[in-house]
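>>> pasting the sequence and the predicted model now:
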Amino acid sequence: MNPEIPPYLIMLTANTGKESIVEGLDAGATDYITKTYDSNELLACIKVGQRMIELQRNLVNVKNDLIYEAEYDSFTKIFNRKTILEILEKEISRAERSGSIFSLGIFYLDNFKLINGRYGHQTGDDVLAGFVEIVKSSLGGYDILGRYSGEKLLLIAHAKDFPPGPCGKIFERIRQKAENTSIKTRSGNISVTVSIGACNFKGSRDADSMQTQADNVMYGAAEAWQKQN
């Protein structure tokens, strides 16, 4: 039973007084039939109930679709920028209360613009979708991924293997996996590399400063890649 769709309850009562009927409706009944009832009357009530439940189901589906569209990126099917940044704020508040540590990482596909220019944007879309799957396959149950902008993803990681430095092992695993995986596209298999910037939350920090630090590290890695290639 879907908790968002209340049951349609038909009350069968021998009490025909208004007070008894009102009492039953107030107690949760949706409709009522008094004894002795006609089978056609009961069937009509049931059909009304079916129509009401179907209407409620459609309304719930529309509501859930609207919530999904508001929270998720329509192409990659991961959280959109607005949602992932809202989640980041909540994670910071939670970490401040509990004293826990999490890590923020920003991913940038180094050769994404080159791929778009050489193969076209449809192939670029295939590459981005494939890279999202690479990242998702490396995540733990509490890690949260979102599309930060364009070819950039943002990851909130709760792995337990953080070293003293600014980047957890999870990010290096993702970098290596992306480098060693050929992504299947409509133009054939394409290899990518990714520049990553990451920082840990510990103590008291705000979302803007974490994004700025991760962005700066990521851009430094991207510039180093461009010089080498």
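Perfect, I can see it now.
>>> and the chain, what are its domains?
10-71, 81-228 (automatic domain parsing).
>>> end to end on the longest one, go ahead and measure it.
In terms of Cα to Cα, to the nearest Å, the two terminal residues of domain 81-228 are separated by 31 Å.
>>> now do the most far-flung residue of the chain relative to its centre, the pLDDT please.
Ranked by distance from the centre of the chain (Cα atoms, centre = their mean), the top residue is T36, with 53.1 Å. Per-residue confidence (pLDDT) for T36: 77.
>>> what about the residue most central in space within the chain, distance to N15?
Note on the chain: the residue nearest the mean C-alpha position is F79, at 4.3 Å, using Cα atoms, centre = their mean. The span separating F79 from N15 equals 54 Å under the rule Cβ to Cβ, to the nearest Å. Bear in mind the C-beta positions are built from the backbone N, C-alpha and C, glycine included.
>>> so where's the protein uncertain?
Applying pLDDT under 70 to the chain picks out residues 1, 159-168.
>>> same thing but at 50, please
Scanning the chain for pLDDT under 50 picks out 161-167.
>>> quick one: buried residues of stretch 40-51?
Buried residues in stretch 40-51, defined by neighbour count with 16 or more other Cβ atoms under 10 Å: C45, G49.
>>> the residue nearest to Y32 when sequence neighbours are not counted: neighbour count?
For Y32, ignoring the flanking residues on the chain, the nearest one in space by Cβ to Cβ, 6 or more residues apart in numbering is M11 at 4.1 Å. Per other Cβ atoms under 10 Å, the neighbour tally for M11 reads 18.
>>> and M11, that's in a helix?
No. Counting by DSSP: H, G, I helix; E, B strand; the rest coil, M11 is not part of a helix but strand.
>>> if I look at it, how far off is Q56?
19 Å.
>>> show me the helices in this structure, by range?
Shown for the chain, the helices assigned by DSSP state H span residues 18-26, 39-71, 81-98, 112-119, 121-136, 169-179, 207-228.
>>> surely N200 touches A95?
No. The criterion here is Cβ atoms under 8 Å, and N200 misses it with A95 at 10.0 Å.
>>> backbone phi and psi for K202, please?
Backbone dihedrals for K202, given as degrees, to the nearest 10, come out at phi -150, psi 130.
>>> give the contact list for it.
For K202, the contact set (Cβ atoms under 8 Å, 6 or more residues apart in numbering) comprises I101.
>>> mind running it again at 10 Å?
A95, G99, S100, I101, F102, S103, F162 (Cβ atoms under 10 Å, 6 or more residues apart in numbering).
>>> neighbour-wise, give me the winner out of the residues you listed.
S103 (24 neighbours).
>>> how far away is it from F201?
Distance from S103 to F201, by Cβ to Cβ: 7 Å.
>>> list the residues that contact both of these two?
Shared contacts of S103 and F201, counting by Cβ under 10 Å, 6+ apart, come down to I156, M210.
>>> K113 reaches G150, doesn't it?
Yes. Shown here, K113 and G150 form a contact pair, counting by Cβ atoms under 10 Å, at 9.5 Å.
>>> with that, I have no additional questions.
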